[in-house]
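K.L.:
Pasting the sequence and the predicted coordinates here, then a few questions.
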There are 2 protein chains.
Amino acid sequence: MVLIIILAGMSTASSDHDTERLIAARLGAGGSRYTSARRLVARALAQSTGPQSATELLSSLEGAVPLSSLYRTLGVLEEAGVLAREHGSDGIARYELAEWLAGHHHHLVCTGCGEVLDIAIDPDTETKIASLIDHIAGSADYAVSGHRIDIEGRCTTCVET
Amino acid sequence: MVLIIILAGMSTASSDHDTERLIAARLGAGGSRYTSARRLVARALAQSTGPQSATELLSSLEGAVPLSSLYRTLGVLEEAGVLAREHGSDGIARYELAEWLAGHHHHLVCTGCGEVLDIAIDPDTETKIASLIDHIAGSADYAVSGHRIDIEGRCTTCVET
DNA sequence: TTCCTTGCAAACGATTTGCATTGGA
DNA sequence: TCCAATGCAAATCGTTTGCAAGGAA
């Protein structure tokens, strides 16, 4: 039996605090400040259930960060390795905390509405998959550094239509 | 031992011919014609080693198809299920033959230059991975319909820098 | 004749950038 | 004080669309 866990963001105060400290340090190392706008964006992403687009962040931040600054913030955080950017099937960029902050996980993508959910596969299964993929590294003429698995399907809302 | 095969496009004349016939039928069923522009695009994609962007296609077609028509062609072919569209980490749309034409495969993505290579994992490994992913379907509240695996790494050119 | 298709140019929307202003160490 | 960060407006760039002309059945 394989278990998957829907990740619902950092939940304990201590891990939140930890994350903040790690981000501040990472930014500081690059000569950047952990300003309030950056804090707001990082917190919003730490609490989301999946990658967020700039527009989605804009509305959840309720105008606290103007669009151009939001993009610049996302750029800085990505540059620093705090965020990972990806593009869904709609071509819109979505951001989430990098794996070293959020943990290794995969995505459940709804082919209907485009919603993306973070999922963690149970360690045993993850180990098996990782080992299969590692084997592949041996035969590819590539310096393999990671993998990403998207599972496609329809969410409970979209499966009806 | 796990083998991977870099797919270099349809190579035999018979399978080329087959592919053309299948595409024509698929388009015809939807009331569309398999015109010369569409033929050119489909052929270019059938011969490529990985998904191609509109711009890349534009240059490989050497102006035979103007940009707006190219986009419309890609749209029609995607709509008909002949092509699959995806977005790489750069956010640019890339197209390739749908799996029922090209076969099930995964991608080797260079994190340096963004190049994407189609790879087929040997059937044994693919079966193992597919079965693990199928198991996941059992516990997710999603109607799972497929999966995609991207293996990230650096190609021989980019690994040096 | 009747639709489908094409191609130019204009429109769009997500993202980026120039530049003057603000703010934190 | 000094350099990073901000925010507005304008610019980019991939992509889409309106519309009139061309082409196949």
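P.N.:
Nice, I can see it. Residues are numbered from 1 along each chain as shown, chains lettered A, B, ... in the order given.
K.L.:
Quick one: distance of stretch A:119-132 to the chain centre.
P.N.:
Centroid separation between stretch A:119-132 and its chain, computed with C-alpha atoms, centre = their mean, to the nearest Å, is 18 Å.
K.L.:
How about that stretch and chain B, touching?
P.N.:
Yes: for stretch A:119-132 and chain B, the contact criterion (C-beta under 8 Å from any C-beta of the partner chain) is met by A:119, A:121, A:125, A:128-129, A:132. Yep, even glycine has a C-beta here, placed from its N, CA and C like the rest.
K.L.:
can you check stretch A:42-54 too?
P.N.:
No: contact of stretch A:42-54 with chain B (C-beta under 8 Å from any C-beta) is absent, the minimum separation being 11.3 Å.
K.L.:
Quick one: end-to-end distance for that stretch.
P.N.:
12 Å (C-alpha to C-alpha, to the nearest Å).
K.L.:
Which residues does it contact?
P.N.:
A:6-10, A:16, A:19-20, A:23, A:57, A:60-61, A:67, A:70-71, A:74, A:77, A:82-83, A:86, A:88, A:92-97, A:101-102, A:107, A:115-118 (C-beta atoms under 8 Å, 6 or more residues apart in numbering or on different chains).
K.L.:
tell me, which of these make contact with chain B?
P.N.:
Among the contacts of stretch A:42-54, the residues that sit close to chain B (C-beta under 8 Å from any C-beta) are A:86, A:88, A:93.
K.L.:
how about the second one, what does it touch?
P.N.:
Contacts here follow C-beta under 8 Å, 6+ apart; on that basis residue A:88 touches A:51, A:94, A:109, A:114, A:116, B:87.
K.L.:
Could you list the residues in contact with stretch A:68-84?
P.N.:
Applying C-beta under 8 Å, 6+ apart, the contact partners of stretch A:68-84 are A:23, A:26-27, A:30, A:32, A:37-38, A:41-42, A:45, A:54, A:57-58, A:61, A:65, A:85, A:95-101.
K.L.:
related to what we said a few turns ago, show me how to select, in ChimeraX, the buried members of the residues of stretch A:119-132 next to chain B.
P.N.:
To isolate the buried subset of these in ChimeraX, counting by 16 or more other C-beta atoms under 10 Å in any protein chain shown, use the following:
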select /A:119,121,125,128,129,132
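K.L.:
From the residues of stretch A:119-132 next to chain B, pick the one nearest DNA strand C.
P.N.:
DNA strand C lies nearest to residue A:119 out of the residues of stretch A:119-132 next to chain B, by C-beta to the nearest atom of the strand, at 23.0 Å.
K.L.:
Hmm, residue A:106 and the closest one touching each other?
P.N.:
Yes: in this structure, residue A:119 is within contact of residue A:106 by C-beta atoms under 8 Å, at 5.5 Å.
K.L.:
which residues of chain A fall in strands?
P.N.:
Using DSSP state E, the strands of chain A run over residues A:4-6, A:52-53, A:83-87, A:93-97, A:106-110, A:116-121, A:143-154.
K.L.:
Tally up the residues packed near residue A:147, please.
P.N.:
Residues lying near residue A:147 (other C-beta atoms under 10 Å in any protein chain shown) number 21.
K.L.:
how close does it sit to chain B?
P.N.:
The gap separating residue A:147 from chain B is 5 Å, by C-beta to the nearest C-beta, to the nearest Å.
K.L.:
isn't that residue right up against residue B:151?
P.N.:
Yes: here residue A:147 reaches residue B:151: they are 5.2 Å apart, a contact under C-beta under 8 Å.
K.L.:
what residues are shared contacts of these two?
P.N.:
residue A:133.
K.L.:
For the nearest residue to residue A:112 once chain neighbours are set aside, list the residues it contacts.
P.N.:
Distances taken as C-beta to C-beta, 6 or more residues apart in numbering or on different chains put residue A:158 closest to residue A:112, at 2.8 Å, once the chain neighbours are dropped. Contacts were defined as C-beta under 8 Å, 6+ apart; by that measure residue A:158 touches A:110-113.
K.L.:
what's the closest of those to residue A:141?
P.N.:
residue A:111 (32.8 Å; C-beta to C-beta).
K.L.:
residues in contact with the closest one?
P.N.:
By C-beta under 8 Å, 6+ apart, the residues touching residue A:111 are A:89, A:152-154, A:158, B:145.
K.L.:
ok, of the residues you listed, which one's closest to DNA strand C?
P.N.:
Within the contacts of residue A:111, the smallest distance to DNA strand C is 13.1 Å, found for residue A:89 (C-beta to the nearest atom of the strand).
K.L.:
Next, give phi and psi for the closest one.
P.N.:
phi -70, psi -20 (degrees, to the nearest 10).
K.L.:
was I right about it contacting residue B:85?
P.N.:
Yes: Residue A:89 lies in contact with residue B:85 (C-beta under 8 Å); the separation is 7.2 Å.
K.L.:
The closest residue to residue A:142 other than its chain neighbours: what's it in contact with?
P.N.:
The shortest distance from residue A:142 to any non-neighbouring residue, by C-beta to C-beta, 6+ apart, is to residue B:153 (3.7 Å). Listed by C-beta under 8 Å, 6+ apart, the contact set of residue B:153 reads A:137, A:140, A:142-146, B:108-111.
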